[in-house]
Structure formats: C-alpha cells, structure tokens
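S.K.: I'd like to go over a predicted model; first the sequence, then the structure.
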Amino acid sequence: MSTRTWESLAIPAAGTYNLDVAHTRIGFVVKHMMVSKVRGHFGTFTGSVTIAENPLESTAEVTIKTGSIDTGMPDRDGHLRSDDFLSAEKFPEITFKSARVLGHSGDEFTVAGDLTIRDVTKEVTLTVEYGGAGTNPWGAQVWGFSITTEFDREDFGLTWNQALETGGVLVGKKVKIEIEGEANPA
C-alpha cells in the first residue's frame, strides 16, 4: 500500500477507499431491563472514506440497510424492524455523512457528521482510531479502523419502551455504536 508519513503516522495515500464488508462489523449495544446489555450488528452496508491530502479534510459516508439488523434472536430482530423501532419497510436505510474532522491526538481522530435514522438527521461525534495500513497475504492493500459513538435513540424518533414493574424501562435510551473494520482502494 502506498503510505505517507503525517504527524508520525504512516497513513494511506490520498484517495478513495471502500469499506471491506467481509472485514467490517457495524455493531451496537443497548441496555436491556436496566441490568444487562444486548449486542447486535447490521449485516448489509456500503461505505467509503476519501482521504484528503490534508488528512484533517477527509470525508466518509456509510449506508446501512435497516432490514439487516441481527441480534441473534429472530423475534427481537422482527420487533426492531417494525414500526416500533426502525420501521425498515418505510425507512430502509440509515446513513452517515461526515461533516468535518474536529481534531486528533496521535492515532485517534474526532469526526462530526450527520446521522440519519427514520428520516431524522442529527449531528453525532465519532471517535475514530486509525489502526494502521498494510498488505494482506493475497497482495491487497488494506487499512484498519475502530469507531465508537453514543447517542440517544429517542432523538431519532425511536421512542418505544415498556415500563418494568420493578421500576425503570425495558430498553435503554442510549445506543452505543462500535465499528471495527478495514478499507481498501476503490
């Protein structure tokens, strides 16, 4: 892979890179019954990152198919696809489009962008950890990343819940997004 040194980091050359769906996982975590966490992921998505000459001017876009949500429990997944949550038939995609890089410290970047769920768009801030670049055993160029963010699902109209007899609610308001992945030249 053609890399360059920028502020002590070996980063990919300027250009557009596509998410490698075979080596990328878009996951989420939500509190359940106020005592545990449910994890899941989305199986169908596309995305790209355009690394600028000045890496702080780079951009990214991701489109996720809401119907591909998977928590390992078909009944729960069906409920999450329903109008109570994602309304996957009416709103088949979740999108993210970066707006600006707010700054960085070493290999960790802070990125602001627009997240759209159920046709509601809100700005979110991502923590992006650059994992490095290299060439895999088959000669393909790759670079890796880890991304996290957290938001209030009710801000996007995901307000369904159920009160618990013991106090509290069935589904937590906060959704934590955890993305691990790789990208390669477009």
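M.R.: Ah, there it is. Nothing here was measured: the structure is a model prediction, and the numbers come from that model.

S.K.: ok, now how distant is residue 57 from residue 101?
M.R.: 7 Å (Cβ to Cβ, to the nearest Å). The way it works is simple: take the backbone N, C-alpha and C, and place the C-beta from them, glycine included.

S.K.: Buried residues in stretch 55-74, which are they?
M.R.: 55, 58, 59, 60, 62, 63, 64, 66, 67, 68, 69, 71 (16 or more other Cβ atoms under 10 Å).

S.K.: Contacts made by it with the rest, please.
M.R.: Here stretch 55-74 makes contact (Cβ atoms under 8 Å, 6 or more residues apart in numbering) with 6, 11, 19, 26, 38-52, 77, 80-81, 86-89, 91-98, 101, 103-104, 111, 113.

S.K.: how about 6 Å then?
M.R.: Where contact means Cβ atoms under 6 Å, 6 or more residues apart in numbering, the residues beyond stretch 55-74 that reach it are 6, 38, 40-52, 77, 80-81, 86, 88, 92-98, 101.

S.K.: Give me the subset of those that lies in strands.
M.R.: Using DSSP state E, the subset of those located in strands is 6, 38, 40-42, 45-51, 93-98, 101.

S.K.: List only buried entries from those residues.
M.R.: 38, 40-42, 45, 47, 49, 51, 93-94, 96, 98, 101.

S.K.: and residue 147, what does it touch?
M.R.: Counting by Cβ under 6 Å, 6+ apart, residue 147 makes contact with 126, 128, 179.

S.K.: That one falls within a strand, correct?
M.R.: Yes - checked against DSSP: H, G, I helix; E, B strand; the rest coil, residue 147 lies within a strand.
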